[in-house]
Each structure stands twice: as structure tokens, then as C-alpha cells.
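**Q** Here you go, sequence then predicted model.
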Amino acid sequence: MNGSPRPAASPPQDALLTATGICKHFGDFTANDDVSFSIGAGEIHALLGENGAGKSTFVKMVYGLLHPDSGMFEWRGAPVVIRNPQHARDLGIGMVFQHFSLFQALTVAENIALAMPPGESIESLSDRVRAMSSEYGIGVDPDARVHNLSVGEQQRVEIVRCLLQDPALLIMDEPTSVLTPQESEQLFGVLRRFAEAGVAILFISHKLEEIRSLTERATVLRRGQNVGTVESRKKTSKQLAEMMVGMAVGDIERREQGVGQPPAIFEISGLSRDRETQFSTPLRDISVVARAGEVLGIAGIAGNGQDEFMEALTGEWRAPSAAMITVDSHQIGTAGPARRRQFGIGFVPEERNGHAAVTSMTLADNALLTGHSLDNVVRRGVIERAQMMQMAGEIASEFDVRLPEDNPLASSLSGGNLQKFVVGREIIKRPRVFIVSQPTWGVDVGAALFIRRAMLELAAEGSAVIMISQDLEEIFAISHRIAVLYDGSLSEPVVAADVTPESIGLLMGGSHSMDEART
Amino acid sequence: MITLSQRKTIPLRLTLLTPVVAIALTLVIGAVIFATLGYHPGEALYQFFVAPISRPDQVADLFVKACPLIIIASGLVFAYRANVWNIGAEGQMILGAMFGGWVALTFPDLSGWVMMPAMIAMGMLGGFLWAMIPAILKTRFNTNEILVSLMLTYVAALLIDWTVRGPWRDPMSFGFPLSPMYADAALITRVYLPGFGHLGGLHWGVIGALVIAVAAWFVLARTLTGFQVKVMGDAPRAGRFAGFNPSLVTIMVLGISGAAAGLAGMVEVSANMGQLQPEISFGYGFTAIIVAFLARLNPLAVIGAGLIVALAELGGDSAQIALGMPKVVTGVFKGILLFMLLAGETFNRFHVRLKMPVTAVREVSDA
């Protein structure tokens, strides 16, 4: 059985870092339960697990940000208490966080200088950055201003900053979540060269394919426990997934569409939106149609206009002209969300907490949130409570939402369960058009599968599904056609079967047109 | 280290027990303070809690005292639930009294059937319009409603002061700043209880206050309007996603709370004073803020909270009169009572744990 602990696959001769029986509790919640682990010099080791499995907690203890309740770390064979990040750095442990901590207005070298011991001139630091950059092929210009750099480049700045402190162990927390496939490959090349130079790399991820291609060994955490350390390449992605989830993972099948063009249900033409704040992305002349029976995947890296586009689709932001958005040839560009729902559109925004759902309210109240303009839930301004409760109950039972009690607060549901609820809340109404952003973000594998299946079923019934997602695996898993959002422009959609993730990745990086992407 | 964690479910027993414990603790601490200051603790506590309600007519007067608090707090609950901070109920109350008074003074000959509805409507309109100033400034220019509504209170106070000294002063008042007396039809009458007759100052406004609190509960708990208010308060982004209009909700809750305060002002004058005077409120608009929060923003609980706060007020008066207790001491005691009730509320909602910081990791020397 995959789920049972097993002896570590070929442990390194002399471990650099060993953890024994690490436990960490937060109140009643056990984040790490008796985790043991070791990594040797020059090894690339994956720490794998679903969201909430305890990966971040574990590495934060390694980096001295948290302290274990019990258990012991050994560094180069001697027991050690890692007091704080400074102490970790002194020992030779560096960490690159998922969220960067760079000052946008400063240059790369100035940013790095802030993290270094004082005394060194910017010029000599710049030289060292250049030297390191060429040695490992990182491609970081010390004189560039950070706000001009792409996300991938900023990440490399963070890595250089870590490396200048000459670490023996480099921890990378979900480094590829913000990168295109090409940028990820570049990063892996860099990491492999570090490993050859003797640096141990602890690589946190939940993306199975990249773990198999990059790492030698993988330690899988599930609900805070180490469920096994395995040789990454000797497992299939499916086997790794099953270790992560602890149960068999099913497959989903996207039914290819027949020949001929099904009718367009939902149409956007010439939609533009000005830049409203310094941090928002303008939308540039977006035109696209969604057809009956298809899932239209909108790929793109975060910050390329997804939020602005989603707001325009839901009606939280209203288009300047009604004709810019039509559903079944009704013009709805200037209508608000409630009115748009009446035309048979269902929405699920990216953020569950406080946007798709009110966490301080019950599920029945949350059912009312998007149902108040429909059906008979509200009569003469008075809420029909029985109806509302029934609605929530039906969503929960049809969409496998596991409830801790009758009509619980939304906050008491796990991320996956709440996501099933907010997706189910819309799909149960059998909308003509279903628009969703990041449908399985931060959701466990089982729930993700369930949600993707429900979306495909809805499309098979003749609805149009528009899915904005940053997860290319997800885009390719269920989309019939794919368009890419880059810097507020949406590319012409292409048929998913005709393109590869790599070619879509190029578009996500913004460097090529769709004609080149088509293979 | 003390840690607070929110309880998942709150047992009913605890909900009933906490106010009892809170009041018991208030009694103990109060007794200690009174004894230290040289008052007989038993006597002092008697004056605070028993003397003001020792006769049926005094109980009725407690309700009269609580009446404006309940009406205003029932309205404020809407604003606070929506995360809109109307601090200016005092001023809105004054405007309500003035608008109601305008009807009574301008058309003294109206019959009761026309007079009272007109005064109610105008009282509410006065408070509503005064609250529209912060509402429109907030939704148009994003000003802070706390500052605007609060400052308008002082404007309102000067406004009524000027009217009763100037244009509306009764020529027969020998120079006192008072308006003419209202006609009988403009006075809210006392409730006649069959078999009892009149009970203290119990007037129809008190019955109205109870009805308003229940109605406020119904709107908040059972209607789409109330749902909008709660959603906008808890998660404004989800509210916009639901299709609710944030500006409209802001205007609505300020309007509701302003209208309620205006009504309270009109009722207070018409039932207890019979004429406009420079001071018509004695801080009810501010005290009602405490009432709303003591009731945890639940309009039904506002009734109980209004009565408790009114009792503390009356008890303070009684102790000052009977024992010559200084006003500051009665103020301190009222503060302790409110503090205990709110602290009890915290213990009710949160699980409190005392924890020694543990260092389970063996301390060993660095490598």
C-alpha cells in the first residue's frame, strides 16, 4: 500500500540535515506529527504534499521561523536548536519564499545589499552578482530596477541573494507557482548546477511532473505525517498523487467535441478597461466567444488581468456599453451580477473567503448570496428560510460537501469542501454559462477532481464553461479551447488538442503570437 | 501566556450564566468600593438595583427611561452591522424632535388622528435628513462618517438652542428658552391599563419602542434588506459579488438609524416634556451606542440591554439622592457594570486558556 511508511530510499551516506520525530501543534491542530527526514549534500529533495499537509510548517522550523514542540534537528551530525532565521543563515541554511520581499524601487544590487552584512560596496557586490550569475547561468543584472523585472527574474534575484550567503542547504517554497513552463525549466537548470556544486536543495511543491523531472528523492507529507520517502523517478505521477491523498485517484476524460461549430452562447466584443490603480492591469480590446458544450480555458500568469477580467464578467465592474457582453444575444455589459444571474450565468470568483462566500455566515445564507435574485427564495422581500435551507442541503448532498453539522458556518468547512459548495451552488442551477476563476486553487486532489468532472458534465449538457486558471495542467486537463491572457490582452483561442503546454507557455510569457504557438 | 480561541458552539447554559456571573461580580466589586469609600455596601447596592424598581410604577418608569435608548439602538444596530459607524444619533434625535415640534407648533389645531402620524413621520424625516449628510458625503466623497456624524451632533445642539431662544420661543415664557406648550393632540398619552389605571409615566411610546425592536429584529433576520446589511458588513466584496450596491446600503443604514433616532427625539419631547427646550436628550444618542453593543447588535437583545443601562442610570440617580454619593462614584459603578457584562460576553464567545510557554526541544549547544 502506498500510504504506509516505508524505509527511506537510499539515504545519503552522510546527511547534511536530519530531523527526528519533529512535532508541531497549533492549538488543537497538529501541523507536524513525528516527522523524520534527512537530506545530504548535493541532493535535490522534494517535499511533497497537499495544501495544509504541513510542508510550510516543517520548512519554517528548519529555517528557525517556528520551533518544534518536540523532536530534534541535527546539522552535519550534531544536534542543533535553530533559534531564528539569522541563526539558520549562519549555519548555512537559505530560504527562497513563495512571496518575494524585494523593494520595487531599488536596483537588484541595492536589494541584495540590504540582506548582506554591512561594509561591502555596491560595486563589489554587483561584481559578485555578475560573477555568480554567469557561473550558474542565472541571468540577473545587478543594475536593473526590480519593478522592471518579470516575476521569474525577481525570483532569481531572491535566489542570488540567498546564494551570496553561500548556503549549504537551499529551501525553495513552491518556486514554480508563479512561473511559465519555460521559466520553470530555466530554474531547474540553475538548481541542477547548484546541486552539482554540492548545495543541497529542499524543493517544496505539489506539482508531480516537475518533482519527477527535477528531484532524486521525495518525502511525502499527509496531514502532518511523513508517509514515506521515495525515489521520485521510480514512481508515476499517479502513485505520488495517491501517496499525497491517501486513496486511489480517479481519472477524468474530456470528451472531444464533434465536428462543426456549436452555437456561441456568450460573447465579448471589444471589451476594454482602463488602468484604475497603480497595481491594476488594464484590459485591452478583449473579444472572445464561448460556445455551447465547451470548456474555454483562459490561461495566464497571475497579475495579467485575471482579476479585472473576472470582475468585468461578473458585473462587479460594468462595461461602458451593454453590447460589449452578450448572452444568448441579450446585451448585459452594463448589468450587475444579480441581473446577469437572471440570464442564466453562474460565477465563482477566485477567492473563496469573503468573495465567493461569507465565511462568518451559514451555508444557507451563502446559498442565498447568489440565489436571491432567482427562484422563489425571497418573496416580497422576506426570505423563505425553509427554501434556503433546502437549497443549501441539496447543494451539499449533490456536490459531496462534507458537513461537520447541520447548516454549519462556511468558516468551519475545509477549503476543498467550501470550494465544492460555491461551485455546486452555481452548477446546481444548470447555468447556460458558467464562469469560474481558479476552480481548484488550494483544494485537495479529490475535491479538484470532483469539481473538474462537474464542470465537464455541465459542458456536456450544452452549457458554455469559461475557466480562468493559472494552472496549466488544469487548463489542459479539461479545456476544449485555450486562450491566453497576457498583460490585459486575450489571445485568439486555439483548440487544445492542437497545441502543447510549451507553446501555451510561450504565450503566457508574452513573447510570441498564437500562430507560432500552434504546432 | 493567555490564549483566546473562538468557541465553535456556545452552550445555552453559558449564555444564560454569563450575565448572572457578571452582575454578581459587579455587586462584589461594587460593595468593596462602596465600603472603602465609607458607604454601607448593602445600602448602596440597594439604592442602585432595588430602590429604582421597588414599586410597579417605578418599573414602568424604568421602561420610560429605556424607551429612547431602545428605539435609537434598534436603528443603530443596522448601521453597525453594515460596518457604518453612525456616532451622531444624538444630533439626529434632536432634529427629529425639532421636525416633530414644527408640526405641533405650526398646526396646533390638527386633530389627534392627523397630528400624531404627521409628527411621527416628520420626526423620522428630521433624523433621516440629518443622517443623509454623512451618508451622501461618504458615498460621494468618501468622507469618514464617524467624524461627520459626530460633529453634526454639535451643530444640531446649537440649532435647537437657537430656535428655542429665537424664532420658536414662547412669548409667554418670561424669557426662558422654551417653545410654547404642545396642544393636547400633540402629546403622547400615558397607557391606561384596565384594572390598574396609569402606571407611572408609562406612555404609548414605550409600547412603540418594543414594537420597533421586534420589527428591527424581523427585518434584520428575515428579509433580504437585512441580509444585505449583514453581508456588506461582514464581507463587502462578497456583497458586491452578490449584486448588492454598497453605496445604497450605506445610505440605507444611515437613513434607518437616523430615522429611528429622530423618532426617539420626537417621542421623548412629546411624551415627557410637552415643549421644546434647549436640552432634550441628556446623551441618549450616545448611551444608545453602548446599548447596541451590549446587545451584541441584536435588536431583540436591545430591549434587555436598554433596560439594564436605564437601571444603572436610575440607580445612579437614586444613590446620589439617598446617600449623597458623588456623581463620579456612581459613574465608576456604572462603568464596572458595563465592563463586567462585556467581559462576560468575551468569555462566552471565546475559550480562554492559560498556558505556560513550553520549551520541549532539548537545549543543546550549537554545532
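**A** Perfect, I can see it now. Please read these numbers as outputs of a predicted model, since none were measured by experiment. Residues are numbered from 1 along each chain as shown, chains lettered A, B, ... in the order given.

**Q** Touching, A:Glu461 and A:Ile427? I think so.
**A** No - contact criterion Cβ atoms under 8 Å: A:Glu461 and A:Ile427 do not qualify, at 10.0 Å. No exception for glycine: its C-beta is placed from N, CA and C like everyone else's.

**Q** residues touching the residue of the stretch 51-200 of chain B found nearest chain A, list them.
**A** Per Cβ to the nearest Cβ, B:Arg81 is where the stretch 51-200 of chain B lies closest to chain A, at 11.5 Å. Listed by Cβ atoms under 8 Å, 6 or more residues apart in numbering or on different chains, the contact set of B:Arg81 reads B:220, B:229-230, B:233, B:253, B:297.

**Q** at 10 Å instead, please
**A** Residues near B:Arg81 by Cβ atoms under 10 Å, 6 or more residues apart in numbering or on different chains: B:220, B:226, B:229-234, B:253, B:292, B:297-299.

**Q** Identify, from those, the entry nearest to A:Asn366.
**A** Among the contacts of B:Arg81, B:Val231 lies closest to A:Asn366 (Cβ to Cβ), at 9.6 Å.

**Q** tally of neighbours for that closest one?
**A** Residues near B:Val231, counting by other Cβ atoms under 10 Å in any protein chain shown, number 28.

**Q** Check the stretch 151-300 of chain A for the residue nearest chain B and tell me.
**A** For the stretch 151-300 of chain A, Cβ to the nearest Cβ, closest residue to chain B: A:Ala168, 11.7 Å.

**Q** for the nearest residue to that residue once chain neighbours are set aside, what are its contacts?
**A** Excluding the flanking residues, the one nearest A:Ala168 by Cβ to Cβ, 6 or more residues apart in numbering or on different chains is A:Gly92, at 3.9 Å. A:Gly92 makes contact with A:16-17, A:75-76, A:165-170, A:199-200, according to Cβ under 10 Å, 6+ apart.

**Q** one more time with 8 Å
**A** Contacts of A:Gly92 by Cβ under 8 Å, 6+ apart are A:166-169.

**Q** List only buried entries from the residues you listed.
**A** Among these, those buried by neighbour count (16 or more other Cβ atoms under 10 Å in any protein chain shown) are A:167-169.

**Q** Which ones among these map onto strands?
**A** Among the buried ones among the contacts of A:Gly92, the residues falling in strands (DSSP state E) are A:Leu169.

**Q** Out of the buried ones among the contacts of A:Gly92, which one has the lowest pLDDT?
**A** Within the buried ones among the contacts of A:Gly92, the minimum per-residue pLDDT falls on A:Pro167 (89).

**Q** contacting residues for that one?
**A** A:Pro167 neighbours (Cβ under 8 Å, 6+ apart): A:89, A:92-94, A:199.

**Q** which among the residues you listed gets closest to B:Phe339?
**A** A:Arg89 (47.3 Å).

**Q** Secondary structure element for that closest one, which one?
**A** Taking DSSP states H and E as the definition, A:Arg89 sits inside helix A:85-91.

**Q** Is that helix positioned near chain B?
**A** Yes - residues of helix A:85-91 contacting chain B under Cβ under 8 Å from any Cβ of the partner chain: A:87, A:91.

**Q** Toward the C-terminus from that helix, list the very next helix or strand.
**A** Of the helices and strands lying after helix A:85-91 in sequence (DSSP H and E), the nearest is strand A:93-96.

**Q** Mind giving me the packing neighbours of the following helix or strand past that following strand?
**A** Next helix or strand after strand A:93-96 toward the C-terminus (DSSP H and E): helix A:108-115. When contacts are defined as 3 or more Cβ pairs under 8 Å, 6 or more residues apart in numbering or on different chains; DSSP states H and E, helix A:108-115 packs onto helix A:122-136, helix A:151-163.

**Q** Turn these into JSON lines, including mean pLDDT and distance to chain B.
**A** Listed next are the helices and strands packed on helix A:108-115 as JSON lines, based on pLDDT from 0 to 100; distance: least, Cβ to the nearest Cβ, whole Å:
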{"stretch": "helix A:122-136", "mean pLDDT": "86", "distance to chain B": "26"}
{"stretch": "helix A:151-163", "mean pLDDT": "83", "distance to chain B": "20"}
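
**Q** Same list (these) but as TSV, adding distance to B:Met132 and mean neighbour count.
**A** Formatted as TSV, the helices and strands packed on helix A:108-115 follow (distance: least, Cβ to Cβ, whole Å; neighbours: other Cβ atoms under 10 Å in any protein chain shown):
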stretch	distance to B:Met132	mean neighbour count
helix A:122-136	58	15
helix A:151-163	47	22
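
**Q** Am I right that A:Arg453 is in a helix?
**A** Yes - counting by DSSP: H, G, I helix; E, B strand; the rest coil, A:Arg453 falls inside a helix.

**Q** From chain B, how far out is it?
**A** Distance check for A:Arg453 against chain B: by Cβ to the nearest Cβ, to the nearest Å, it reads 25 Å.

**Q** Alright, I will stop here.
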